[in-house]
Every structure is written in C-alpha cells, then in structure tokens.
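Engineer: no FASTA, just this:
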C-alpha cells in the first residue's frame, strides 16, 4: 500500500482508499458523518455512539434516525 496525499493506493487490488477519515458533515446537534473510504461511512451521535454504513444516502438516513431518537 502506498500513500498518495490523503489517499492510499493498494497495489494488489489496484484500488484507492482514504488514508484517513474525512468529516463529511456535523449537525447542529453534534452528530457527524465521516468518510472511511470504499463507499463506507461512520455516523456518530454527540455521545460517540457510532454506526458504520455503506453509501452516503444510508449515512444520511442513519444520522436522521439518530437525531430523531435523541429528541
């Protein structure tokens, strides 16, 4: 694996991945979505309870459910 800036390149599979997590959004209530690479996202509430999901749409839906249950 070779790091290229914020990304890494896996020579064996010929794919790129993210070398570090990137914050996609943070809601006013403290929930966050971080990109993990390869279409995976980590959604965390303000109490650091996290779920790993596939796809940005699913991450957004998970964030909405988390915030609705916190109210």
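Structural biologist: Right, received. Where do you want to start? This structure is a prediction, so every number in the text was calculated from the model and none was measured.
Engineer: all contacts plus neighbour counts: C-alpha atoms, from now on.
Structural biologist: OK.
Engineer: this structure: helices as residue ranges?
Structural biologist: In the chain, the helices defined using DSSP state H lie at 56-70.
Engineer: which stretches of it aren't confidently modelled?
Structural biologist: Low-confidence segments of the chain, defined by pLDDT under 70: 1-11, 13-20, 71.
Engineer: how many other residues sit next to residue 63?
Structural biologist: 22 (other CA atoms under 10 Å).
Engineer: actually, residue 25.
Structural biologist: 14.
Engineer: got it, and residue 50?
Structural biologist: With other CA under 10 Å as criterion, residue 50 counts 17.
Engineer: same thing with residue 70?
Structural biologist: 10.
Engineer: against residue 46, how distant is it?
Structural biologist: Distance, residue 70 to residue 46, by CA to CA, to the nearest Å: 9 Å.
Engineer: then residue 53?
Structural biologist: Distance from residue 53 to residue 46, by CA to CA: 17 Å.
Engineer: check residue 68 too.
Structural biologist: From residue 68 to residue 46 the distance is 13 Å (CA to CA).
Engineer: show me which of the two is the more surrounded one.
Structural biologist: Ranked by neighbour count (other CA under 10 Å), residue 68 and residue 46 place residue 46 first, with 16 against 9.
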